[in-house]
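In: Just to be clear, the model below is a prediction. Sequence and coordinates:
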Amino acid sequence: METRRNLQESLVETPSAKEVVLFANSPSFLLERLCRDTSTQNVAHEFSTQEIVDFLKQSCEKPPKEATDLVRIYVFLVALSLKDDLRDLKAKLVSIDMHRIEWADRIRERLRRPRHRRKD
């Protein structure tokens, strides 16, 4: 996806984010760990909620080709937990077909619950 801002890969694909995605054993583990990762905070700060949802829609159309694609998808998905206006794009987020990404549907469901969204 072409974005208006060029966010360096090193800010999205941090070593800790890569490790979390590679070694995660549940969607809740992935969500909790990525919520604390700087990569997720970088994405939430640099991109609007609309841009994040658009990125996810485009990225989930095809299966990820590389592990870094999967890291990026999960980082962008979890970055939504840091956004205050997610409910404004709820219908668009729910319409994205995420079946190709192992835990994306379950993480998305958890993000839609108020107790799993954070304000920073």
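Out: Nice, thanks for sending it over. Residues are numbered from 1 along each chain as shown.
In: per-residue pLDDT, E13?
Out: E13 carries a pLDDT value of 77.
In: State the distance from it to E66.
Out: Using C-beta to C-beta, to the nearest Å, E13 is found at 11 Å from E66. No exception for glycine: its C-beta is placed from N, CA and C like everyone else's.
In: same thing with L22?
Out: 12 Å.
In: same thing with Y74?
Out: 13 Å.
In: Give me the more crowded residue out of the two.
Out: Per other C-beta atoms under 10 Å, whichever of Y74 and E66 has more neighbours is Y74, with 27 against 8.
In: Mind checking what secondary structure P64 has?
Out: Classification of P64 using DSSP: H, G, I helix; E, B strand; the rest coil returns coil.
In: For it, which non-adjacent residue is closest in space?
Out: Nearest non-adjacent residue to P64, counting by C-beta to C-beta, 6 or more residues apart in numbering: L70, 4.5 Å away.
In: Hmm, the one you found is touching V21, no?
Out: Yes - here L70 reaches V21: they are 5.9 Å apart, a contact under C-beta atoms under 8 Å.
In: ok, now which ones touch I52?
Out: Shown in contact with I52 (C-beta atoms under 8 Å, 6 or more residues apart in numbering): V43, A44, F76, A79, L80, K83.
In: Just those: which are in helices?
Out: V43, A44, F76, A79 (DSSP state H).
In: now for those residues, which pair is the farthest apart?
Out: By the measure C-beta to C-beta, A44 and F76 form the most distant pair in the ones in helices among the contacts of I52, at 9.3 Å.
In: hmm, who's touching the host helix or strand of T40?
Out: Element membership of T40, judged by DSSP states H and E, is helix 38-46. For helix 38-46, the surrounding residues in contact (C-beta under 8 Å, 6+ apart) are 5, 7, 11-14, 16-17, 34, 52, 75-76, 78-83, 120.
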